[in-house]
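A.B. asks: Mind looking at a prediction? Sequence and model below.
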Amino acid sequence: MQKMDYKEWHDLGVKLYGPNMKDWRFKCVRCGHVQTGHDLAKVAEDWETVVFFSCLGRWIKGVGCDWTLGGFFTIHKREVISEGRSVPVFLFADEPILQEAIK
């Protein structure tokens with residue numbers, strides 16, 4: 001399990017996709033669906049808190065799956081430390097070298 005502090009995670013997102021979090025791409029740990037904040041903003045008011053945590057299939061049938069990282073199973077590879085607590089997150093979709101390194 002890789003742990004990153006929030007600033008490190010945020011800086012990586014900016015490096016990969018720019019400062020607009022809606023442009024950031026996350027890959028569901030269960031089904032591999034890639035989603036952005038733009039996708040989630042269409043269906044979830046709280047898109048900023050779910051885009052890296054829940055697959056789009058929770059809102060749209062036939063897209064991705066209905067996985068969320070808030071359940072009992074720990075299949076995610078990364079947690080972000082924010083305000084003293086550890087938050088599970090999907091990996092960024094475009095970091096293949098790092099994804100391979102933390103399997």
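C.D. replies: In hand now; what should we look at? All of these numbers come straight from a predicted model, not from anything done at the bench.

A.B. asks: longest helix anywhere in the chain?
C.D. replies: Longest helix of the chain, by residue count under DSSP state H: helix 6-17.

A.B. asks: Just list what that one packs against, helices and strands only.
C.D. replies: Helices and strands touching helix 6-17, by 3 or more CB pairs under 8 Å, 6 or more residues apart in numbering; DSSP states H and E, are strand 78-82, strand 91-92. Bear in mind the C-beta positions are built from the backbone N, C-alpha and C, glycine included.

A.B. asks: Show the model's pLDDT score for the closest residue to Ala44 other than its chain neighbours.
C.D. replies: Nearest residue to Ala44 in three dimensions, chain neighbours excluded: Val50, at 5.5 Å (CB to CB, 6 or more residues apart in numbering). Turning to Val50, the model gives it a pLDDT of 91.

A.B. asks: Run a quick check on Val50 versus Leu40, I expect a contact.
C.D. replies: Yes. Using CB atoms under 8 Å, Val50 makes contact with Leu40 at a distance of 6.0 Å.
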